[in-house]
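>>> Provided below are the primary sequence and the corresponding predicted coordinates.
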Amino acid sequence: MRKLDRKHESTVLQLERDREALEVTKLERGIKAFEYRKLLRESGQDPENLNAIESRIVQVLGPLQKSDGELVLSCVISAVQVTARSSCISDGMGDIIFTFTGGKSGNLRGPFKVSLTLNVNCTNYRDGEGALDAEWLPAGRPGTVVRGCLLHRQAISFDNIMIEEPGGARSTQYKIRNVRVNASQVSHSLFEKRASAFSGTVFAFCAFESMGLERRPPAVTNDMIVLARPVMPSVVSRHRPYVYSPSAQGRLVLSGRAGVKDPVKTFPAVVRITEGYSGAFRTLEEECGGVESAHVDSGTRVLIRFFGVPQNIRLFVSITDVPGESATRADGSESRGGGDEAPWLALVSGADSNGAGGRVIDELVVAGDRAEIAEVHLSGGFGFAVWEWIAPGGPRRNPREGCLGISFESTATGDDVEGRSSTLACTLAPLSTVTVAGSAPVPRFIDLAGDPAPFFCQLGPFLDEE
């Protein structure tokens, strides 16, 4: 680090002398800045520190001048970093901010092609004409919105970009918004060996290219930026099993029975699904990221698939997550309380077996500590149910845990129940294998449910773990 500090100090001092003397060309100054950036990256510096120091280089260089008298336009790039979900194929990134300095006040520079090359696939919605819903536009003021197009799987292009030069000591900002990526690819990044400081992140290279005119593109100092750090697990799920006994047959368990303090305990089987980190589950509005033009089909969904259900068993699930005794658990997750607190998850009607399509049930029956139930359609012992995250927005201190109840009704007589185990698998949805930009659902996830776990079997007396 001493070597780096000495190099930093000498480079800045030299740049300041160059600026005062105005005796060196822009190319020479650019070479010095490039050499320093290379030293920074090889040292393993944190990307945020790198961006901050390079901003200082731009301030030192100031508005450079070409030999023909044209003022040089400089650009510093930054990003609103987010935490990405490891199982999400189409996770939304924060805004990418371009801050321009120099040039002549009021002058328009361009047109340019702005390219964004990612270390993972771009997975934005792509319409029939090939346009993405990722956009380039002025930041904080009205102006022309340019939609991106796909150069290849990991690159987006914004064409015919015009930049208003701020001039003097002022600056002007533009941004790229609503970029979506396949966060599940991060561990397979092609660039990790080249840039160890960026390992385990979603990052991008930005470049400007003149489109046919002899106008020099902006001088970009930090062309590599981090969009998401780190990539975190999306969900943690666990369930309480139900073991069938002849004495329990024919019994349909309803939540919210009189005298029961915790409705969760009234369901013979409960699946608890917990955010991998605070904010991993998102409503429709949160998935849009505040961008009205973003093409988003749903909020984060939960898909539970049931396998091997006996033919003489009817299966029911709670329409919403089951209210319980509001508390913060040992793992830091929060559970929903009863009373007037709004539900966090709501059943989706008409969804397919991957959890896509359909609509959230409009009339959610939530009275006090009750959670109504709906029957699961079974075919050959297989069935599924889908819920969507509808919790009120806003920052959350701790991860949230939703409890989804499962009930049974036996249509058998005596001990006539098939002696086989039933299993379930729980994952975020919609599920998809489409890992490129297109018309697939947004958001969408890879299947990380793993091997189905037992939840119902004919083995002995009724198990009540709680």
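Ah, there it is.

>>> okay, now S105: neighbour count?
Other residues lying near S105 total 12 when counted by other C-beta atoms under 10 Å. Where you see a C-beta, it was placed from the backbone N, CA and C, and this is true even at glycine.

>>> which residue packs closest to it, ignoring adjacent ones?
G167 (2.9 Å; C-beta to C-beta, 6 or more residues apart in numbering).

>>> my guess is that neighbour contacts G103. True?
Yes. Assessed by C-beta atoms under 8 Å, G167 is found in contact with G103 at 5.7 Å.

>>> quick one, which of those two is more surrounded?
Of the pair G167 and G103, G103 is the one with more neighbours under other C-beta under 10 Å, namely 24 against 18.

>>> against R177, how distant is that one?
Here the criterion is C-beta to C-beta, to the nearest Å. By it, G103 lies 24 Å from R177.

>>> need the helix or strand of this protein with the lowest average pLDDT.
Ranked by mean pLDDT, DSSP states H and E, the weakest helix or strand in the chain is strand 242-244, scoring a mean of 49.

>>> and the next helix or strand past it?
Next helix or strand after strand 242-244 toward the C-terminus (DSSP states H and E): strand 269-275.

>>> please name the bridge partners of T427.
L303 (DSSP bridges).

>>> next, work out how far apart it and V271 are.
11 Å.

>>> if you count what's nearby, which of the two comes out ahead?
Legend: neighbour count by other C-beta under 10 Å for T427 and V271, higher for V271 (25 against 22).

>>> which elements pack onto the strand or helix carrying V114?
Using DSSP H and E, V114 falls within strand 108-118. Applying 3 or more C-beta pairs under 8 Å, 6 or more residues apart in numbering; DSSP states H and E, one finds that strand 108-118 makes contact with strand 155-164, strand 202-210.

>>> quick one: contacts of it?
73, 96, 103, 136, 148, 151, 154-165, 176, 179, 181, 202-211, 213, 215, 217-218, 227 (C-beta atoms under 8 Å, 6 or more residues apart in numbering).

>>> relative to strand 155-164, how tilted is it?
Angle, strand 108-118 to strand 155-164, by axes from the mean of the first three to the mean of the last three C-alpha atoms, to 10 degrees: 160 degrees.

>>> what comes up buried for strand 108-118?
Residues 109-110, 112-118 are the ones in strand 108-118 that count as buried (16 or more other C-beta atoms under 10 Å).

>>> tell me which of those residues is nearest to V80?
Closest approach to V80 among the buried residues of strand 108-118 (C-beta to C-beta): L116, at 14.7 Å.

>>> once you drop chain neighbours, what's closest to the closest one?
If you skip the residues right next to it in sequence, L116 has I156 as its closest partner in space, 4.6 Å away by C-beta to C-beta, 6+ apart.

>>> hmm, the one you found is touching N178, no?
No. If you go by C-beta under 8 Å, I156 and N178 don't touch, sitting 10.7 Å apart.

>>> quick check: neighbours shared by the two?
Common contacts of I156 and N178 (C-beta under 8 Å, 6+ apart): 124, 134.

>>> quick one, what contacts the residue nearest to L116?
115-116, 118, 122, 124, 132, 134, 148-150, 179.

>>> I'd like those as TSV, with secondary structure and pLDDT appended.
Output for those, formatted as TSV (DSSP: H, G, I helix; E, B strand; the rest coil; pLDDT from 0 to 100):
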residue	secondary structure	pLDDT
S115	strand	94
L116	strand	95
L118	strand	94
C122	strand	96
N124	coil	95
L132	strand	95
A134	strand	95
G148	strand	96
C149	strand	95
L150	strand	94
V179	coil	96
